[in-house]
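*Asks:* please find the sequence and the predicted model below.
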Amino acid sequence: MSAPEELSEGQLAARRAAEWLSRDHAAAARTLGAQRAASEVDALARLSELVGVVFRLRDPDGCPWDRKQTLSSMVKNLREEAAEVAEAVAERDDAHTAEELGDTLMNILLMARIAEQEGRFDLAAVASGIAEKLVRRHAHVFGDVSAADADAALASWKATKVAEKGGVQGSRLDGVPPALDTLAAAAKLGGKAADAGFDWPDPSGAFDKLHEELAELEDARAQGESQERLEDELGDVLFSVVNVARKLKLDPELALRRTLEKFRRRFSSMEAELGEGLSRASLEELETLWRAAAERER
């Protein structure tokens, strides 16, 4: 009799993923409650409808614009739609957020259909790939790993990810796409360094570092340093701000978007008040109007 097959952690996770994905989800959903089941059924129906609409657009007699697109041309659209999602979230506008998420989803479905027609991959591969990965990496949900809080869940995810790569890990800072927005990249790099233990024990250390970097920027300005040196110091300040946000568990991108929207609203209020006289108003007058606009928002 041969010895039982010994499976690695990655293989065990893959087996658990296959078991979960092959089961009767509709029946499983019903055991979790009628509302949960109804929501899933409705979502699947609407997604099926959307897939049909997108596929129709790429038919030979479909939309000329959609038929003309390629994966490369759609990347720009996808980035723009994702940015509009972030803006809608910053505005706390649920209707707008739902709309922009729909636009983003449409772009993803269209890109998958384009790839399928080019013989590269298809929507089924996209959907099954992410579903299997989610099940594998949520061993604390679908497997026998326990996670009492979000930090433990994240640790479980990261451990599974390393196991998928055969236990081999490159630089701890790998996995930050060069095309990522700088604020997001800074947050991700800071978080990866923190995972390796290179971090302050509490937010006060991040605040101290921010004050230190601000002082260095001001000192460089006072001494008439070069533009390049000032940019270096400013970069240090901005990175320190992102680290403060990380320690406070805040999203710097979302925070900045909300501030930009707030700035637009208040500046537009001053424009409405002064019209063409805006450029001739004194700084004191403008600050008075700005404070008035801020007070109205409260």
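*Replies:* Okay, I see it. Numbers count the residues shown, from 1 in each chain.
*Asks:* low-scoring stretches of the stretch 101-250 of the chain, by residue?
*Replies:* Residue ranges of the stretch 101-250 of the chain with pLDDT under 70: 167-170.
*Asks:* where exactly do the helices run in it?
*Replies:* Counting by DSSP state H, counting those that start in this stretch, the stretch 101-250 of the chain has helices at residues 123-137, 139-142, 150-164, 182-195, 203-222, 227-247.
*Asks:* and stretch 255-263, what's its mean pLDDT?
*Replies:* Mean per-residue pLDDT for stretch 255-263: 91.
*Asks:* could you dump it to CSV, C-alpha only?
*Replies:* In CSV, the C-alpha atoms belonging to stretch 255-263 read as follows (Å, rounded to 0.1, in the frame of the first residue of the first chain):
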residue,chain,number,x,y,z
ALA,A,255,-8.7,62.8,2.3
LEU,A,256,-7.0,64.9,-0.4
ARG,A,257,-9.9,64.4,-2.9
ARG,A,258,-12.4,65.6,-0.3
THR,A,259,-10.2,68.6,0.5
LEU,A,260,-9.9,69.5,-3.2
GLU,A,261,-13.7,69.3,-3.6
LYS,A,262,-14.1,71.5,-0.5
PHE,A,263,-11.6,74.0,-2.0
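*Asks:* would a markdown table of the helices of the stretch 101-250 of the chain with distance to Ala98 be doable?
*Replies:* All C-beta atoms are positioned from the backbone trio N, CA, C, and that covers glycine. Formatted as a markdown table, the helices of the stretch 101-250 of the chain follow (distance: least, C-beta to C-beta, whole Å):
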| stretch | distance to Ala98 |
| --- | --- |
| helix 123-137 | 21 |
| helix 139-142 | 26 |
| helix 150-164 | 25 |
| helix 182-195 | 23 |
| helix 203-222 | 34 |
| helix 227-247 | 26 |
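*Asks:* reformat these as CSV; add mean neighbour count and distance to Leu254.
*Replies:* CSV is the format used below for those (neighbours: other C-beta atoms under 10 Å; distance: least, C-beta to C-beta, whole Å):
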stretch, mean neighbour count, distance to Leu254
helix 123-137, 15, 24
helix 139-142, 18, 26
helix 150-164, 15, 18
helix 182-195, 17, 10
helix 203-222, 15, 18
helix 227-247, 17, 9
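*Asks:* of all those, which one comes closest to Gln69?
*Replies:* helix 123-137 (15.4 Å; C-beta to C-beta).
*Asks:* which neighbouring elements make contact with the closest one?
*Replies:* If contacts are counted by 3 or more C-beta pairs under 8 Å, 6 or more residues apart in numbering; DSSP states H and E, helix 123-137 sits against helix 9-22, helix 94-117, helix 150-164.
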